[in-house]
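[1] can you look at this prediction? I've put the sequence above it.
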Amino acid sequence: MPKIIDAKVIVTSPGRNFVTLKIETEDGVYGLGDATLNGRELSVASYLTDHVIPLLIGRDAHRIEDIWQYLYKGAYWRRGPVTMSAIAAVDTALWDIKGKLAGLPLYQLLGGASRDGVMVYGHANGVSIDETVEVARDYQRQGYKAIRLQCGVPGLPSTYGVSKDKMFYEPADADLPTENLWSTEKYLRVVPELFKAAREALGWDVHLLHDIHHRLTPIEAGRLGKDLEPYRPFWLEDATPAENQDAFRLIRQHTTTPLAVGEIFNSIWDAKHLIENQLIDYIRATVVHAGGITHLRRIAALADLYQIRTGCHGATDLSPVCMAAALHFDLSVPNFGVQEYMRHTPETDAVFPHAYSFERGMMHPGEKPGLGVELDEVLAAQYPYKRAYLPVNRLEDGTMYNW
Ligand SMILES: O=C(O)[C@@H](O)[C@@H](O)[C@H](O)[C@H](O)CO
Ligand SMILES: [Mg+2]
C-alpha cells in the first residue's frame with residue numbers, strides 16, 4: 001500500500017493568500033490539495049496541521065473514501081467551511097496521488113471524459129454599462145462562449161464585482177475589511193439596462209450571466225429575474241442568502257430566469273432541499289469548500305436526478321490546485337453546466353505551474369497523471385502570508401448588510 005509518511009501545509013501569498021496541503025507517501029509520490037478559505041485562511045491551516053495531519057500518518061493513501069468518512073464522522077463536529085475545506089484538501093491530495101500511481105490524469109479515474117472540453121465563463125466588469133460591454137466584447141473576441149456581466153451602480157461609490165484591473169478581480173483587498181455601500185433600488189435600475197445594452201452589442205450567440213452576490217430579498221430577486229427575461233440570461237447567481245433554502249421557491253414563482261447558487265455551500269445538506277424541490281438550475285458548490293472531489297461527486301449525482309447542472313465556483317481565491325481538480329471533475333461529470341474561470345495573476349501561475357489550458361472559451365485539465373499541478377516551494381517561500389479581508393457592506397443609512 002502507498003503509506004502516508006508525511007504531510008504539511010504550505011501558506012503562500014503570490015498576490016493573494018493560498019493554503020495548500022501536500023501529502024507524501026512512502027514511495028516518494030506526493031499529492032496536493034487546496035485548502036484556501038478567503039479571509040479566514042489560517043483557521044484551515046491550523047485545523048489541518050494541529051488536528052488532521054496527525055491522523056493521516058501511516059494510513060493507506062489509496063483508501064480515499066474511508067479517510068473521508070474517518071475525518072467527517074470521526075470529528076464528531078460535522079460540516080462547516082473550516083472542517084470541509086480541510087477534508088477537501090486531504091481528499092484532493094489523495095486523488096492526485098491515486099492518479100499519479102495509476103499513471104492517469106484524474107478525469108480518467110472519474111469515469112473518463114464526458115465531453116471534449118469545459119465551457120468557462122469570464123467575469124466582464126466596468127464602472128459603467130459602456131465600459132462593461134466593452135470588456136465583454138473583448139472576452140467575446142477571445143472566444144468566450146459565456147460571460148458574466150457586472151457593472152458599477154450609479155450613485156454608489158463601489159460594488160461587488162467591479163475592479164480597477166480589468167483582467168484580474170480580487171475582492172480581498174485590505175488588511176481590515178473595506179466598507180462598501182448598498183442600495184437595492186439603485187441596483188435594480190441598472191442591471192436590466194446593462195443586459196439590454198449587452199444583447200444589442202454582443203448579439204444572442206453568447207451566454208450572459210450575472211452575480212447578485214446574496215443582496216436581494218426573494219421577491220426583489222423575482223422582479224429582477226422577470227425584468228431580465230427578455231435578454232435570456234444563462235443564470236442569476238446567489239440571488240438571495242440561501243440559509244433558508246425555501247426562499248428560492250418564492251423567486252421561482254415569479255420568473256423563468258435560471259437560478260444558480262452554492263459557492264459558499266460546504267455540504268450536500270446545504271443543497272438537498274433546493275435540489276429535491278427543483279428550486280435551482282445550477283449548483284455552484286466547488287471542490288475546496290464542499291469536501292473535495294468525493295463529496296462534490298455526491299452532490300452532482302443528487303442534482304443529476306433533477307436535471308440540475310453543475311457550475312463550479314472558480315474565483316481567484318480558489319487556487320490553481322482547486323482549478324485543476326474542478327476541470328477534471330467538469331470534464332467527467334455527466335450533468336456539467338459551466339465552469340467559472342477568473343484568471344490568476346502571473347505570480348500565482350508561476351508558484352503553481354499547471355497542465356490545464358484555455359482555448360477559445362474552453363478549458364481542458366491536460367493529460368499529466370493526477371491533477372497536473374505542481375507547487376514551487378522555493379518560489380512560494382518568497383511570498384509570506386499577508387492578512388487580507390473580504391469587504392463588508394452597509395445600507396446607505398449605516399445598517400450592516402450582506403456583501
Ligand atoms: O462568483 C464569484 O466569483 C464570487 O462570488 C467570488 O468573487 C466571491 O466573492 C469570492 O470568491 C469570495 O471569496
Ligand atoms: Mg459568485
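    The structure has been received and is ready for your questions. Ligands and ions are numbered 1, 2, ... in the order given.
[2] tell me the SS of I23?
    The three-state assignment at I23 reads strand, by DSSP: H, G, I helix; E, B strand; the rest coil.
[3] shouldn't L209 be within a helix?
    No - using three-state DSSP, the assignment for L209 is strand, not a helix.
[4] can you get me a residue count around it?
    Residues near L209, counting by other Cβ atoms under 10 Å, number 24. Where you see a C-beta, it was placed from the backbone N, CA and C, and this is true even at glycine.
[5] A315 now?
    A315: 18 neighbours (other Cβ under 10 Å).
[6] got the contact list for it?
    Y169, E263, E340, M342 (Cβ atoms under 8 Å, 6 or more residues apart in numbering).
[7] now do it, the pLDDT please.
    Looking at A315, its pLDDT is 97.
[8] any idea how far it lies from N244?
    24 Å (Cβ to Cβ, to the nearest Å).
[9] residue contacts, G39?
    A172, A388, Y389, L390.
[10] quick one, what contacts F265?
    F265 neighbours (Cβ under 8 Å, 6+ apart): A242, A271, I283, R284, A285, H289, A290.
[11] out of these, flag the one nearest to L37.
    Closest to L37 out of these is H289 (7.2 Å), distances taken as Cβ to Cβ.
[12] circling back: can you redo the contacts of F265 as a markdown table with neighbour count and distance to ligand 1?
    Shown next, in a markdown table, are the contacts of F265 (neighbours: other Cβ atoms under 10 Å; distance: Cβ to the nearest ligand atom, whole Å):
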| residue | neighbour count | distance to ligand 1 |
| --- | --- | --- |
| A242 | 22 | 13 |
| A271 | 24 | 16 |
| I283 | 31 | 13 |
| R284 | 26 | 8 |
| A285 | 27 | 12 |
| H289 | 28 | 9 |
| A290 | 30 | 13 |
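[13] out of the residues you listed, which is nearest to ligand 2?
    Ligand 2 lies nearest to R284 out of those, by Cβ to the ion, at 7.1 Å.
[14] now the closest one: closest residue in space, sequence neighbours ignored.
    G262 (3.9 Å; Cβ to Cβ, 6 or more residues apart in numbering).
[15] wait, doesn't the one you found sit right on W269?
    No - the criterion here is Cβ atoms under 8 Å, and G262 misses it with W269 at 11.9 Å.
[16] all the helices of the stretch 201-350 of the chain, residue numbers only.
    Taking DSSP state H, counting those that start in this stretch as the test, the helices found in the stretch 201-350 of the chain are 218-228, 247-252, 268-276, 292-304, 320-332, 346-351.
[17] so the fifth one, near ligand 1 or not?
    No - contact of helix 320-332 with ligand 1 (Cβ under 6 Å from any ligand atom) is absent, the minimum separation being 11.0 Å.
[18] pLDDT on that helix, on average?
    99.
[19] where's the nearest residue to G126 once chain neighbours are set aside relative to E200, distance?
    Nearest residue to G126, sequence neighbours excluded (Cβ to Cβ, 6+ apart): T132, at 3.7 Å. T132 sits at a distance of 13 Å from E200 (criterion: Cβ to Cβ).
[20] those two - which one has more neighbours?
    Using other Cβ under 10 Å as the criterion, T132 and E200 rank with T132 on top: 24 against 10.
[21] residues in contact with the more buried one?
    T132 neighbours (Cβ under 8 Å, 6+ apart): A124, N125, G126, L149, Q150, C151, L194, A198.
[22] what is the most widely separated pair among the residues you listed?
    Longest distance between any two of those is 12.2 Å, between N125 and A198; criterion Cβ to Cβ.
[23] quick revisit: which one's more surrounded, G262 and W269?
    Just comparing G262 and W269: by other Cβ under 10 Å the higher neighbour count belongs to G262, 27 against 12.
[24] spell out which residues of the chain are next to ligand 1.
    Checking the chain against ligand 1 by Cβ under 6 Å from any ligand atom, the hits are N38, P171, D211, H213, E263, H313, A315, D317, E340, L390.
[25] state the pair within the residues you listed that is farthest apart.
    Farthest apart among the residues of the chain next to ligand 1 by Cβ to Cβ are E340 and L390. That separation is 16.8 Å.
[26] give me the common contacts of N125 and A198.
    Common neighbours of N125 and A198 (criterion: Cβ under 8 Å, 6+ apart): T132, L149.
[27] interface residues of the stretch 201-350 of the chain facing ligand 2?
    Applying Cβ under 5 Å from the ion, we find that the stretch 201-350 of the chain lies next to ligand 2 at D211, E263.
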